[in-house]
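In: Using only what follows, build the 3D model:
(one chain, ligands or ions: 2)
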Amino acid sequence: MQREDTAVISLRGIGLTYPGPPPVTALHPCDLQVGQGEFVTIVGPSGSGKSSLLNIVGLLDTPTRGDYFLDGIDTATVSDAQRAALRSERIGFVFQSFHLLPHRSAQENVELAMVYQRVPRAVRRRRAADVLTRVGLGHRVQGLPTQLSGGERQRVAIARALVAEPSLVLCDEPTGNLDSDTASSVLDLLDELHADGMTILVITHDTHVAARGQRTITIRDGALTETRRSEVSTPC
Ligand code: ADP
Ligand code: MG
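Out: Ligands and ions are numbered 1, 2, ... in the order given. The predicted model follows:
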């Protein structure tokens, strides 16, 4: 695997056209760099290309043009198995609808994220308990998802995303199913993780959520425009 970039995410001239027919250009060629420890939000209306971008960054889809470097690794040069390993080891996913296994406890849901790594069971158990404590759920480790509130479920999902110590936490509408107070406390947790040095990318249609980022990038009709807090610039 080739390494040649220090950013966690480096998209260079990335574009995506779905073949159709008819072909649909979901992303126009764009550049995006996310450095280690940054908290970046991407905001755009429905149909603007958010999921397409998320799928590329999350190694769930491949761009039709351009280059994507994750931790300096040219993702076009890796095998399918290496790609799957990059995804599970370096990216923690947090989804709107939590994606927890319903018949497993919070503890088990988090432990399962380490199942493909060669981590002994006792270590998995301890790490899961530690990270659940980190997200404020040390007292609910045995709770089933159905017995937890929406905010608690999302905390379990965040714990699961963190437990393998990823390079990047990638969140897709992380507060989309939460009431505004609960959403705010989940966003506070992301702020804390950012303060601890975690690299976070949040994709959302909600401008209030987007405002939590250190940098916010707007996506419209498949084109990215960056608004820095104190200036306006266009990365592509
Ligand atoms: P968002 O997540 O912001 O709602 P998407 O990335 O899902 O936007 O979609 C961007 C554009 O690409 C839309 O015009 C959508 O209809 C189109 N699109 C998404 N997925 C496909 C697909 N598999 N095939 C063809 N067009 C698609
Ligand atoms: Mg979408």
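In: in what helix or strand does the residue nearest the centre of the chain lie?
Out: Taking C-alpha atoms, centre = their mean as the criterion, L170 is the residue nearest the geometric centre of the chain, at 0.5 Å. Here L170 sits within strand 168-172, counting by DSSP states H and E.
In: shaky segments in the protein?
Out: Flagging of the chain using pLDDT under 70 yields the residue ranges 1-5, 228-236.
In: Please list the residues of this protein that sit near ligand 2.
Out: Residues of the chain lying close to ligand 2 by C-beta under 5 Å from the ion are 50-51. C-beta here means a position set from N, CA and C on the backbone, and glycine is covered the same way.
In: Of all the residues in this protein, which one is nearest ligand 2?
Out: Of all residues in the chain, the one sitting closest to ligand 2 is S51 (3.3 Å; C-beta to the ion).
In: Remind me which helix or strand that residue belongs to.
Out: Applying DSSP H and E, one finds S51 within helix 50-57.
In: So which bits of the longest helix anywhere in the chain are buried?
Out: What stands out as the longest helix in the chain, according to DSSP state H, is helix 180-195. Applying a neighbour-count criterion of 16 or more other C-beta atoms under 10 Å, one finds 182-184, 186-187, 189-190, 193-194 buried in helix 180-195.
In: Equivalent analysis for stretch 138-156, please.
Out: Neighbour-count burial for stretch 138-156 flags 140-141, 143-145, 148, 151-156 (criterion: 16+ other C-beta under 10 Å).
In: Please apply the same query to stretch 11-29.
Out: 11, 14-17, 26-29.
In: Cross-check the contact I'm expecting between the residue nearest to the centre of the chain and R90.
Out: No. Checked against C-beta atoms under 8 Å, the pair L170 and R90 is beyond contact range at 10.0 Å.
In: centre of the chain versus the helix or strand hosting G151, how much separation?
Out: Assigned by DSSP H and E, G151 belongs to helix 150-162. In terms of C-alpha atoms, centre = their mean, to the nearest Å, the centre of helix 150-162 is found 13 Å from the chain centre.
In: Which elements pack onto it?
Out: Applying 3 or more C-beta pairs under 8 Å, 6 or more residues apart in numbering; DSSP states H and E, one finds that helix 150-162 makes contact with strand 91-95, helix 106-112, helix 121-134, strand 168-172, helix 180-195.
In: a markdown table for these, including distance to G44?
Out: Below are these laid out as a markdown table (distance: least, C-beta to C-beta, whole Å):
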| stretch | distance to G44 |
| --- | --- |
| strand 91-95 | 18 |
| helix 106-112 | 30 |
| helix 121-134 | 31 |
| strand 168-172 | 13 |
| helix 180-195 | 18 |
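In: The ones you listed: which one's closest to P22?
Out: strand 168-172 (26.7 Å; C-beta to C-beta).
In: Near ligand 1, which residues of this structure? Just list them.
Out: 18, 24, 26, 44, 46-52 (C-beta under 6 Å from any ligand atom).
In: Narrow the residues you listed to those that are buried.
Out: 26, 44, 48-52.
In: Mind picking the two most distant members of these?
Out: A26 and G44 (11.4 Å).
In: Quick check on Y116: phi, psi?
Out: The phi and psi values for Y116, taken as degrees, to the nearest 10, are phi -90, psi 0.
In: what's near enough to touch it?
Out: S88 (C-beta atoms under 8 Å, 6 or more residues apart in numbering).
In: Likewise for D61?
Out: By C-beta under 8 Å, 6+ apart, the residues touching D61 are 16, 52, 55.
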